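S.K.: this is a predicted model, with the sequence first.
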Amino acid sequence: MEALLKGSKSGVARVYLLIEISDNGWGMPKSQVDAGFSRFGEIRLELQGSSLWLFLAKKMVLQPGATIDLEEKGGTTLVIFFPKLILGTIV
């Protein structure tokens, strides 16, 4: 985990918390990311699997200002950005 600055559309830098979770599996091609985030979406690889964990991760993560994305790096890396909270307010 690390904290970083991320530019917003208004041009003001905001502080975010970055969390990356990786596995060393087959990886997930960009063409299958949407299916990966859908409930019980199937990922078409040599070995098929259910992506319920991605669906649940997205449901838990998405809050105002948070983003979630996948990257293919040998395995799959789940990348989550959370806006940093200071005294109960979003910075």
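M.R.: Okay, I see it.

S.K.: where does this structure dip in pLDDT?
M.R.: By pLDDT under 70, the low-scoring segments of the chain are 1-14, 26-56, 60, 63-64, 73, 85-91.

S.K.: who are the packing partners of the helix or strand harbouring Val79?
M.R.: Val79 is part of strand 75-83 when elements are defined by DSSP states H and E. With contacts taken as 3 or more CB pairs under 8 Å, 6 or more residues apart in numbering; DSSP states H and E, strand 75-83 sits against strand 13-22, helix 52-61, strand 67-73. Heads up, the C-betas are built off the backbone N, CA and C, glycines and all.

S.K.: in the last one, what counts as buried?
M.R.: Applying a neighbour-count criterion of 16 or more other CB atoms under 10 Å, the buried positions in strand 67-73 are 68, 70.

S.K.: that strand pairs with which strands?
M.R.: Partner strands and pairing direction for strand 67-73 (DSSP bridges) are strand 75-83 (antiparallel).

S.K.: in the strand it pairs with, what counts as buried?
M.R.: Neighbour count says strand 75-83 has 76-78, 80-83 buried, by 16+ other CB under 10 Å.

S.K.: alpha carbons of that strand, as CSV, please.
M.R.: What follows is the C-alpha trace of strand 75-83 in CSV, where atoms were taken according to Å, rounded to 0.1, in the frame of the first residue of the first chain:
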residue,chain,number,x,y,z
GLY,A,75,-1.1,-12.8,-13.2
THR,A,76,-3.8,-10.3,-12.5
THR,A,77,-3.3,-7.2,-10.3
LEU,A,78,-6.3,-5.6,-8.7
VAL,A,79,-5.6,-1.8,-8.3
ILE,A,80,-7.7,0.2,-5.8
PHE,A,81,-7.6,3.9,-5.2
PHE,A,82,-9.3,5.3,-2.1
PRO,A,83,-9.5,9.0,-1.4
